[in-house]
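1. okay, here's the prediction I keep looking at, along with the sequence it came from:
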Amino acid sequence: MDCKCKQVEELLDRYYLPSCYGVEFCFGFLGNLLVVLGYVFCLPKWHSINVYLFNLAISDLLFLCTLPRLAYLYANGQSETDPYACVVNRYLLHVNLYSSILFMVWVSMDRLLLIRHPTKNHYLLTARAALVVAALSWLAVNGQVAPMIAIMTYDQQKGNWSMCKDFASLEANFDLLGYSLGLTFTGFILPLVAICVFSRKIACLLHSQETALERRHKVYHRPLRVARAVAAIFLVLYTPYHVMRNVRLASRKEWPGMDPCTAVCIEALYIVTRPVAFLHSVINPVFYFFMGDQFRELLLGKLRHLIRKAQNMTPI
């Protein structure tokens, strides 16, 4: 194998991944922590959308806590030696990956129902119904990821618990590519289609009510902009990762005549897409400030109060 091809992969592991993970942790952790604390201490009454966004923020926060160790290991050219830390890290990574887009499906659905039922008289707009939907969502995502954890445990056991591999590098006794394609379809494509459908329905509903809602144009068109932005972000961030993950798994099969350098290039592109997919954890907090004026105003008011209190306590 050409050493120059191999060097690309090594350079990405040593410099690209640690840098991206470090930046994502610094910005994403602060943003999601602020949201979680704001929801806990500033929000007196929770609505359905608050339940979905809070679960999303918790998922992002737990995942982001794994990035510093990953960045350290990659920067020092080391592999995770603790099998439990390896499994927990990969579990949180993939649960966060698929729970994020699923909770954004419910956020888009919630905005559609809010436009149809401005008085919030629909049962799915209650916090209790949102808790049930959130619990079922966690069960669904864990069901999707459970086979991967079983495969990872088998792979580690086979390697004497000494190697921590990413999903596309695992060794399995069944069709790993088929599982990855199924996970791509159920965990990414279907939720993305659902978000697009809800976005379309919101657009049609607003168009039909344009005359009646003329004075509240900006207020009622915000959910449409948010739904479209959500669909665009997940399309841009998740598509390269899922495409390259499946291509990487397919390239590991015995392809006659495949240049070894081509396999390394595929692996390098797969490495590039991984931090890109995880950018959603950094971007998600931005949506919390556009989903409703109440949370934004309460949080900003609390921050201003704390700043004034700190200034008054500072000795002159």
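-> Received, thanks.
2. and the residue nearest to Glu80 when sequence neighbours are not counted, its phi and psi?
-> What sits nearest to Glu80 in space, not counting adjacent residues and going by Cβ to Cβ, 6 or more residues apart in numbering, is Cys164, at 3.6 Å. (Each C-beta comes from the backbone N, C-alpha and C, glycine too.) Dihedral pair for Cys164: phi -110, psi 110, per degrees, to the nearest 10.
3. contact partners for Cys164?
-> Residues in contact with Cys164, defined by Cβ atoms under 8 Å, 6 or more residues apart in numbering, are Ser79, Glu80, Thr81, Pro83, Ala85, Cys86, Asn89, Arg90, Gln156.
4. tell me the two of those residues that are most distant?
-> Comparing all pairs in these by Cβ to Cβ, the longest separation belongs to Thr81 and Arg90, at 14.6 Å.
5. and stretch 10-18, what's buried?
-> For stretch 10-18, a neighbour-count test (16 or more other Cβ atoms under 10 Å) marks Leu12, Asp13, Tyr16, Leu17, Pro18 as buried.
6. contacts for it next, please.
-> Stretch 10-18 is contacted from outside by Leu70, Ala71, Tyr72, Tyr74, Ala75, Gly77, Ala268, Ile271, Val272, Arg274, Pro275, using Cβ under 8 Å, 6+ apart.
7. give me the nearest residue to the fifth one, chain neighbours excluded.
-> Of all residues beyond its chain neighbours, the one nearest Ala75 is Pro18 (3.9 Å), with distances taken as Cβ to Cβ, 6+ apart.
8. and for Val105, the neighbour number?
-> The tally of other residues near Val105 (other Cβ atoms under 10 Å) stands at 22.
9. for the stretch 1-150 of the chain, which segments count as helices?
-> 3-11, 17-42, 48-64, 67-75, 83-116, 127-158 (DSSP state H, counting those that start in this stretch).
10. dump these to CSV, plus mean pLDDT and distance to Leu176.
-> Listed next are the helices of the stretch 1-150 of the chain as CSV, based on pLDDT from 0 to 100; distance: least, Cβ to Cβ, whole Å:
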stretch, mean pLDDT, distance to Leu176
helix 3-11, 73, 20
helix 17-42, 89, 22
helix 48-64, 91, 23
helix 67-75, 91, 22
helix 83-116, 90, 14
helix 127-158, 91, 7
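11. hang on, the earlier thing: drop anything exposed from the contacts of Cys164.
-> Glu80, Pro83, Cys86, Asn89, Arg90, Gln156.
12. and stretch 134-145, what's buried?
-> The neighbour-count check on stretch 134-145 (16+ other Cβ under 10 Å) flags Ala134, Ser137, Val141, Gln144, Val145 as buried.
13. do stretch 166-181 as well
-> Phe167, Ala168, Leu170, Ala172, Leu176, Leu177, Tyr179, Ser180, Leu181.
14. measure that stretch end to end?
-> By Cα to Cα, to the nearest Å, the extent of stretch 166-181 from end to end equals 16 Å.
15. same question for that stretch, mean pLDDT?
-> In this model, stretch 166-181 has an average pLDDT of 85.
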